[in-house]
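# Dropping the sequence and predicted coords here.
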Amino acid sequence: RRESAYDELETALVEAIIESEARISRFHEMQKPRDLWLEEVEPGVILGEKTTPLDRIGAYVPGGRAAYLSTALMCAVPARVAGVRSICCCTPPPVHPATLVALDIAGVDEIYSVGGAQAIAAMALGTGSIAAVDKIVGPGNVYVTQAKMLLRGEVEIDFPAGPSEIGILADGSGDPAYIAADILAQAEHDPDAACLLVTTDAGLAEKTGKALENMVIEAKRKDIISRSIGNTGYILADTLEEGAEIMNLVAPEHLSIQVHDPLDIIRMIRHAGSIFIGRYSPVACGDYASGTNHVLPTAGNSKTHSGLDVRHFCKSSTIQIISREGLESVGEVAERIACAEGLHAHADSVRIRRRKTS
């Protein structure tokens with residue numbers, strides 16, 4: 001169906017997907033680590049690192065409430081840039097033609113029309129038709145996320161990526177309409193989406209609430225928003241410093257900073273999946289067009305996890321090249337520590353070489 005899927009889309013949409021893929025590729029090429037580096041750190045001792053892509057990965061692209069063609073790009077393009085040999089994708093039926101086109105443009109090798117926890121199990125364990133993968137990436141609902149966590153002993157995963165979130169840190173310079181629009185954009189994802197405004201200006205919070213009420217009335221996905229809006233709220237902070245610390249505690253998937261002097265605030269932020277600075281940086285641009293990745297840790301997991309990037313699809317091996325001269329430099333230290341640990345054969349493996357060089 002890949003080829004026929006193109007015929008089902010408007011040319012303008014296909015062109016937009018191609019442009020989005022190019023931007024995502026450009027950014028992720030910038031992240032790509034060197035294949036190999038070596039450096040002589042002291043005479044006779046050369047250290048380095050070799051980076052190798054994974055052999056086979058599986059991407060999970062959600063379906064159901066929307067056609068997440070952008071997620072297809074976000075999961076597959078970094079893997080392709082990293083040099084992964086085989087990329088497969090599972091996505092729930094019926095597969096939207098836009099998702100098929102995006103997967104094709106992204107360079108996915110295999111596409112399977114299967115969704116939910118069973119798709120995660122299939123990629124993790126393998127079936128008669130789906131070969132097991134080394135790593136599974138991509139967001140999903142609570143069942144998909146839990147399946148990834150449960151199967152982590154069988155397959156590596158990226159991180160827990162559940163329902164969407166946004167945290168917005170704003171002062172009196174924020175635009176209530178822009179902030180309300182950003183909240184609505186996340187609220188339409190899923191009934192479990194969560195949105196939080198932290199501001200030092202009570203008037204801004206009130207104006208944002210009124211703008212949000214008016215926008216909900218006209219929203220096209222009102223059925224979802226009317227449920228997720230119950231997960232939306234605001235906190236009044238005494239200072240922006242306090243607001244930044246609140247955001248560090250929340251560790252949101254998306255953090256929008258809409259303040260007069262954002263660069264001072266960005267230095268205070270320690271935990272956030274992706275950061276959007278300024279009133280003209282809507283999260284939607286990161287979702288579709290800027291090139292950064294929108295597959296991000298949720299539920300506070302940005303405290304310990306980074307968003308999806310090229311490095312998720314690579315592994316590294318350290319390298320050491322030691323000459324006779326170098327062995328004399330590091331050998332005695334190795335022998336002494338090995339003996340202190342009671343690992344005498346370790347010490348002997350160094351000592352036998354040092355004796356032969358003397």
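Nice, thanks for sending it over.
# quick one, helices of the protein?
Here the chain has its helices, by DSSP state H, at 2-7, 11-31, 69-82, 97-106, 117-125, 142-150, 176-187, 202-218, 222-228, 240-250, 262-266, 283-288, 324-340, 344-357.
# closest one to Ala59 among those?
Closest to Ala59 of the helices of the chain, according to CB to CB: helix 69-82, at 3.7 Å. Where you see a C-beta, it was placed from the backbone N, CA and C, and this is true even at glycine.
# before we move on, the earlier item: could I get the helices of the chain as CSV with distance to Ala59?
Formatted as CSV, the helices of the chain follow (distance: least, CB to CB, whole Å):
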stretch, distance to Ala59
helix 2-7, 16
helix 11-31, 13
helix 69-82, 4
helix 97-106, 8
helix 117-125, 9
helix 142-150, 12
helix 176-187, 22
helix 202-218, 33
helix 222-228, 24
helix 240-250, 28
helix 262-266, 31
helix 283-288, 17
helix 324-340, 43
helix 344-357, 43
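# How about the contacts made by the closest residue in space to Gly300 that isn't next to it in sequence?
Spatial nearest neighbour of Gly300, chain neighbours left out: Ala251 (4.6 Å); criterion: CB to CB, 6 or more residues apart in numbering. Ala251 is in contact with 271-273, 300-303, counting by CB atoms under 8 Å, 6 or more residues apart in numbering.
# rerun at 10 Å
165, 167, 269-273, 297-305 (CB atoms under 10 Å, 6 or more residues apart in numbering).
# Hmm, Ile275 is touching Ile257, no?
Yes - Ile275 sits in contact with Ile257 when judged by CB atoms under 10 Å, with a separation of 6.7 Å.
# Output the below-cut-off pLDDT ranges for this protein.
Where the chain drops to pLDDT under 70, the residues are 65, 357-358.
# Let me see the domain layout of it.
Structural domains annotated on the chain: 2-158+309-316, 165-303, 332-357, as defined by automatic domain parsing.
# would you turn those domains into TSV with distance to Arg324?
Listed next are the domains of the chain as TSV, based on distance: least, CB to CB, whole Å:
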stretch	distance to Arg324
domain 2-158+309-316	7
domain 165-303	47
domain 332-357	5
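# Please check the contacts of Ala251 and keep the buried ones.
Buried by 16 or more other CB atoms under 10 Å: 165, 167, 269, 271-273, 297-302, 305, out of these.
# In TSV: the residues you listed, plus distance to Leu197.
Listed next are these as TSV, based on distance: CB to CB, whole Å:
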residue	distance to Leu197
Glu165	12
Gly167	8
Ile269	16
His271	18
Ala272	15
Gly273	17
Pro297	21
Thr298	18
Ala299	19
Gly300	18
Asn301	21
Ser302	18
His305	24
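# Which of those sits closest to Arg227?
Glu165 (15.3 Å).
# you'd agree that closest one is up against Thr298?
Yes - between Glu165 and Thr298 a contact is recorded at 5.6 Å, counting by CB under 10 Å.
# what separates the nearest residue to Ser317 once chain neighbours are set aside from Ser302, distance-wise?
Leaving out its chain neighbours, the residue that sits closest to Ser317 by CB to CB, 6+ apart is Lys50, at 4.8 Å. According to CB to CB, to the nearest Å, Lys50 stands 29 Å off from Ser302.
# do Pro97 as well
33 Å.
# Kindly report the same for Lys315.
Distance from Lys315 to Ser302, by CB to CB: 22 Å.
# What is the neighbour count of the closest residue to Ile46 other than its chain neighbours?
Using CB to CB, 6+ apart and skipping residues adjacent in sequence, the residue nearest Ile46 is Ile321, 4.0 Å away. By the criterion of other CB atoms under 10 Å, Ile321 has 12 neighbours.
# Pairing partners for the residue nearest to Ser317 in the sheet, please.
Note on Lys50: beta-bridge partners Leu36, Ser317, judged by DSSP bridges.
# Quick check: it touching Gln320?
No - taking contacts as CB under 10 Å, Lys50 lies outside contact range of Gln320: 11.4 Å.
# which residues are common contacts for the two?
Counting by CB under 10 Å, 6+ apart, the residues touching both Lys50 and Gln320 are Leu38.
# who's more crowded, the two?
Lys50 (15 against 12).
# Could you report the separation of the more buried one from Glu156?
19 Å.
# same question, Asn214
Going from Asn214 to Glu156 by CB to CB gives 46 Å.
# neighbour-wise, which of the two wins?
Glu156 (18 against 10).
# Please name the nearest non-neighbouring residue to that one.
Per CB to CB, 6+ apart, closest to Glu156 is Lys135, 4.3 Å.
# Count the neighbours of that neighbour for me.
Lys135 - counted by other CB under 10 Å - has 21 other residues nearby.
# wait, doesn't it sit right on Phe159?
No - counting by CB under 10 Å, Lys135 stays clear of Phe159, with 11.3 Å between them.
# any shared contact partners between the two?
Contacts common to Lys135 and Phe159, judged by CB under 10 Å, 6+ apart, are His312.
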